[in-house]
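**Student:** Whatever this is, show me its structure:
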Amino acid sequence: MSRSFEVSRRAWLSTVGAAGALAVVCGGVYAISDTPEAEPLPDHKKVRTDVEPLRKVFGEAGRLSEPRWLLYDRDAVGEGRLGPPRPDPRYRAVGIVRLPAGSTAKVLRDPAYSFTPAAPASVPQPLREFVPGQARWMSSKSYDTHLLGPEPGELTSGRFFLDATGDRLYFDTVNPT
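**Tutor:** Now for the predicted structure:
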């Protein structure tokens, strides 16, 4: 009987120890994010309209205008997410921009890219009103590589979709640089 008490006591102490360690980690992250110098995590529901950050990352696509996009830590989004934050945040940048008239058709004709019909999957709710229903989306793995760079890194990924009917570029990327 005393043996079962010891096992139960060990389990209880282990649980308390793990909870304490979690509180220390989470408390440290809270303290860092609460400092005036730290930027708060972007709101995953707030549609952004600034174009300069996109020009720095997707400048190879051409002159970007009329941006509607979201930026957020995809691992931190979700109701009831438990546990400490990941050591490698994965920021998702997803949105739609307009390109100069006729530029999309020119890129789609480039044989180096081999575009095929493909539609963006799971457009986030805040962006749905900006994605036209009549668009004819085209995608290409080599065009994705062109915009992300030849060696994007192990945490960077993305898909790009072009619509020649409206000269639009839809992007869904993780950690674009």
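
**Student:** got a pLDDT number for the nearest residue to Q125 once chain neighbours are set aside?
**Tutor:** Leaving out its chain neighbours, the residue that sits closest to Q125 by C-beta to C-beta, 6 or more residues apart in numbering is K45, at 7.9 Å. Every residue, glycine included, has its C-beta placed from N, CA and C. K45 carries a pLDDT value of 73.

**Student:** Relative to L70, how far out is K45?
**Tutor:** Separation of K45 from L70 (C-beta to C-beta, to the nearest Å) stands at 8 Å.

**Student:** Next up, the contacts around G102.
**Tutor:** The contact partners of G102, taken as C-beta atoms under 8 Å, 6 or more residues apart in numbering, are D167.

**Student:** hang on, isn't T156 packed against N175?
**Tutor:** Yes - the criterion here is C-beta atoms under 8 Å, and T156 meets it with N175 at 4.6 Å.

**Student:** quick one: which of those two has more around it?
**Tutor:** Ranked by neighbour count (other C-beta atoms under 10 Å), T156 and N175 place N175 first, with 19 against 15.

**Student:** what ranges do the strands span in the protein?
**Tutor:** 65-73, 91-98, 116-117, 137-139, 157-163, 168-174 (DSSP state E).

**Student:** As JSON lines, the ones you listed with mean pLDDT, mean neighbour count and distance to T104 would be great.
**Tutor:** Formatted as JSON lines, the strands of the chain follow (pLDDT from 0 to 100; neighbours: other C-beta atoms under 10 Å; distance: least, C-beta to C-beta, whole Å):
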{"stretch": "strand 65-73", "mean pLDDT": "89", "mean neighbour count": "18", "distance to T104": "13"}
{"stretch": "strand 91-98", "mean pLDDT": "91", "mean neighbour count": "22", "distance to T104": "9"}
{"stretch": "strand 116-117", "mean pLDDT": "95", "mean neighbour count": "9", "distance to T104": "14"}
{"stretch": "strand 137-139", "mean pLDDT": "96", "mean neighbour count": "19", "distance to T104": "9"}
{"stretch": "strand 157-163", "mean pLDDT": "92", "mean neighbour count": "22", "distance to T104": "5"}
{"stretch": "strand 168-174", "mean pLDDT": "92", "mean neighbour count": "22", "distance to T104": "7"}
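
**Student:** Of the ones you listed, give the one that comes closest to L147.
**Tutor:** strand 157-163 (5.5 Å; C-beta to C-beta).
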